[in-house]
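Asks: Model the following, please.
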Amino acid sequence: MPLLIGQRLRARQLQTDLQVIQKIGEGTQGEVYLVDGPQGYQTVKWYRPEQATPEQKDAIAYLVRSGPPYGAAGKRFIWPLDLVTAEGSKQFGYLMTRIDTQRFAELGEVWAHLKPVPGIAALCEISYQLANSYRALHLSGHCYRDISAGNLMFDPKTGDVLICDNDNVGVNRQSQSQVWGTLEYMAPELIRGESDPSTETDLHALAVLLFYLWVWHHPFHGEMEYRYHCWDIPAKKQVYGVSPVFVFDPENPANRLPQDADYTIARDRWAFCPPELKAMFTRAFTEGLSSPARRVTEGEWQNLFLSLKDRLVPCPSCHAENVASDQREDLSCWHCHRPIPPPPFLAIRRAGGTWSLALAMGVTIRPVHLAAGNGTDDGNSEIGRVVPHPAIPGAAGIRNISGSTWQVTFPDGTSASVLPGRAVPLNPKTSITIDGVTCTIMQTSRDLP
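Replies: Predicted coordinates:
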């Protein structure tokens, strides 16, 4: 039965009472209510009678005990805080943090123009944080099982992410679940009944979700889907599971986008994607369909989106965000098509190779730039920032906003210490040592090693 306004609930581990304020949503498994308690307003997902099984109750109790993944990546999960019960009822639910729905948006709200459309920088950050959090979840030995746009909320301006509905998370290839995923996100082998949910099937769902974020379209919605007069479950299983073909498959034209105005947005947004992103999507939806071991990993997505964001350059004419090519070609704006002067780059020599960062005005240097896979990076920590020179128009420098002193060697061979709050001029061939990592300012991307 649904909960009643004013009804009392009990949080089992916290040993606190909660009062139902109002119903704020519902899904296939249950309803979501705003509740009031000692910690202020929170939310409760209350399972329907057929979903309130002993197995689901044990699963929630396990998640409450284990907690979310460690660090900044884990904080993005709206994790079950406690098991919630009601006197005289066999139903139950779980307590979770209340989401600021004024700040955070669902993808459907963006498509409906109810919330702002994220720019390239925000899209990169959303995608990076998604990959980063699912990587942390998988490294903890768990799989999510139901990655989809319905479980994602994000800040369209900053790219900060929240991952909702975590009650189906389980131990990879061990624990059972009542949910196997949302059909359009499920891996082909899941749909064909050849596999159980796992981290490998999560990788397929993650790729579909990222494609939706960037292209606003499903990767298999082409001529094959267009020809179906009845888009029912058997049709979806055929397109998603039995014979899936990527709409932009370079070798197989069987499922190209139809010449129909309804597909214009998908075609335009695909053209807008950077070449490296197109290549990653192509691998995910060609090799990855038949070979789960060849799917794009969370770490690969994470590095790609961090790299794309680090090469963003604003157009001086229309201010549109552009990605400087890793092929070191001259850059022209995707929006106004005018040439963009090449920015200086910072070559960061770290373990595993050199990382490049376009030094456009306002760009920040973060801990993750100095050490690949830095798990403590929360997206907000900053070490340095490109700022304008206070007296020379058009000149800029990198301000030290860390807590440590930088050692700098200038092109003429002289050196200096740069204290926190001071800046290093953007002069080519200047070398900066930050926490033991050597960074060199290059005039353009053509000068990168």
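Asks: From now on I want contacts and neighbour counts done on CA atoms only, so please keep to that.
Replies: Will do.
Asks: mind checking the SS state of the closest residue to Phe285 other than its chain neighbours?
Replies: Leaving aside its sequence neighbours, Phe285 sits nearest to Phe246 (Cα to Cα, 6 or more residues apart in numbering; 5.7 Å). The assignment at Phe246 comes out as coil when based on DSSP: H, G, I helix; E, B strand; the rest coil.
Asks: Mind listing residues that contact the longest helix seen in the chain?
Replies: Determined from DSSP state H, the single longest helix within the chain is helix 120-139. Helix 120-139 is contacted by residues 68-70, 73-74, 76-77, 143-144, 154, 156-161, 172, 199, 206, 210, 213-214, 298-299, 301-303, 305-306, 308-309, 312, 321-322 when judged by Cα atoms under 8 Å, 6 or more residues apart in numbering.
Asks: Swap in 6 Å and give it another go.
Replies: 69, 73, 158-159, 298, 302, 305, 309 (Cα atoms under 6 Å, 6 or more residues apart in numbering).
Asks: Next step: those restricted to helices.
Replies: Per DSSP H, the subset of those in helices is 73, 298, 302, 305, 309.
Asks: partner strands of the lowest-mean-pLDDT helix or strand in the chain, parallel or antiparallel?
Replies: Lowest on mean pLDDT, DSSP states H and E among the helices and strands of the chain sits strand 331-332, with a mean of 86. Strand 331-332 sits in its sheet next to strand 339-340 (antiparallel), going by DSSP bridges.
Asks: any idea of the mean pLDDT for the helix or strand just after the partner strand?
Replies: Next in sequence after strand 339-340, counting helices and strands by DSSP states H and E, comes strand 345-350. Strand 345-350 comes out with an average pLDDT of 92.
Asks: Name the residues of strand 345-350 that are buried.
Replies: 345-350 (16 or more other Cα atoms under 10 Å).
Asks: can you check stretch 398-412 too?
Replies: Quick answer for stretch 398-412 (16+ other Cα under 10 Å): 398-402, 405-410.
Asks: go on, stretch 85-96?
Replies: 85-86, 91-96.
Asks: domain assignment for this protein?
Replies: 8-96, 107-302, 343-447 (automatic domain parsing).
Asks: got CSV for these, with distance to Leu331 too?
Replies: Formatted as CSV, the domains of the chain follow (distance: least, Cα to Cα, whole Å):
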stretch, distance to Leu331
domain 8-96, 34
domain 107-302, 12
domain 343-447, 10
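Asks: count of residues packed around Thr286?
Replies: If you count neighbours by other Cα atoms under 10 Å, Thr286 ends up with 20.
Asks: Give the rounded mean pLDDT of stretch 390-397.
Replies: 89.
Asks: before we move on, back to that, looking at the domains of the chain, which one has the lowest mean pLDDT?
Replies: Across those, domain 343-447 gives the lowest mean pLDDT, at a mean of 87.
Asks: quick one: which of the domains of the chain is nearest His335?
Replies: domain 107-302 (9.4 Å; Cα to Cα).
Asks: Endpoints of the closest one, how far apart?
Replies: In domain 107-302, first residue to last residue: 20 Å (Cα to Cα, to the nearest Å).
Asks: chain center to it, what's the gap?
Replies: 12 Å (Cα atoms, centre = their mean, to the nearest Å).
Asks: now swap in stretch 436-443 and tell me
Replies: The answer for stretch 436-443 is 28 Å, by Cα atoms, centre = their mean.
Asks: Can you give me the buried ones in that stretch?
Replies: 438-443.
Asks: want to try TSV for these, with distance to Met186 as columns?
Replies: Shown next, in TSV, are those (distance: Cα to Cα, whole Å):
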residue	distance to Met186
Thr438	44
Cys439	43
Thr440	45
Ile441	45
Met442	45
Gln443	46
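Asks: These: which two are farthest apart?
Replies: Thr438 and Gln443 (16.5 Å).
Asks: Asp100: neighbour count?
Replies: 10.
Asks: quick one: contacts for it?
Replies: So Asp100 contacts nothing (Cα under 6 Å, 6+ apart).
Asks: thinking again about what came up before, who are the contact partners of the residue nearest to Phe285?
Replies: Counting by Cα under 6 Å, 6+ apart, the residues that Phe246 touches are 219-220, 285.
Asks: can you give me the strands in the stretch 151-300 of the chain?
Replies: 152-154, 161-163, 170-171 (DSSP state E, counting those that start in this stretch).
Asks: wait, which of the ones you listed is closest to Met224?
Replies: Of the strands of the stretch 151-300 of the chain, nearest to Met224 by Cα to Cα is strand 152-154, at 27.8 Å.
Asks: Check which helices and strands that closest one sits against.
Replies: strand 161-163 (3 or more Cα pairs under 6 Å, 6 or more residues apart in numbering; DSSP states H and E).
Asks: chain center to stretch 357-376, what's the gap?
Replies: On Cα atoms, centre = their mean, the centre of stretch 357-376 falls 17 Å from that of its chain.
Asks: Mind putting the ones in helices among the contacts of helix 120-139 into CSV with neighbour count and distance to Leu419?
Replies: Below are the ones in helices among the contacts of helix 120-139 laid out as CSV (neighbours: other Cα atoms under 10 Å; distance: Cα to Cα, whole Å):
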residue, neighbour count, distance to Leu419
Ala73, 24, 31
Glu298, 22, 37
Gln302, 21, 32
Phe305, 22, 31
Lys309, 23, 27
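Asks: okay if I get those as TSV plus distance to Val117?
Replies: As requested, these are exported to TSV (distance: Cα to Cα, whole Å):
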residue	distance to Val117
Ala73	24
Glu298	24
Gln302	21
Phe305	18
Lys309	17
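Asks: can you tell me which two in these are farthest apart?
Replies: Ala73 and Lys309 (18.3 Å).
Asks: And the helices in the stretch 101-250 of the chain, which stretches?
Replies: 107-111, 120-139, 188-191, 199-215, 223-226, 233-237 (DSSP state H, counting those that start in this stretch).
Asks: and of the ones you listed, who's closest to Pro390?
Replies: helix 120-139 (26.3 Å).
Asks: the inter-axis angle of that closest one versus helix 199-215?
Replies: Between helix 120-139 and helix 199-215, the angle comes out at 170 degrees (axes from the mean of the first three to the mean of the last three Cα atoms, to 10 degrees).
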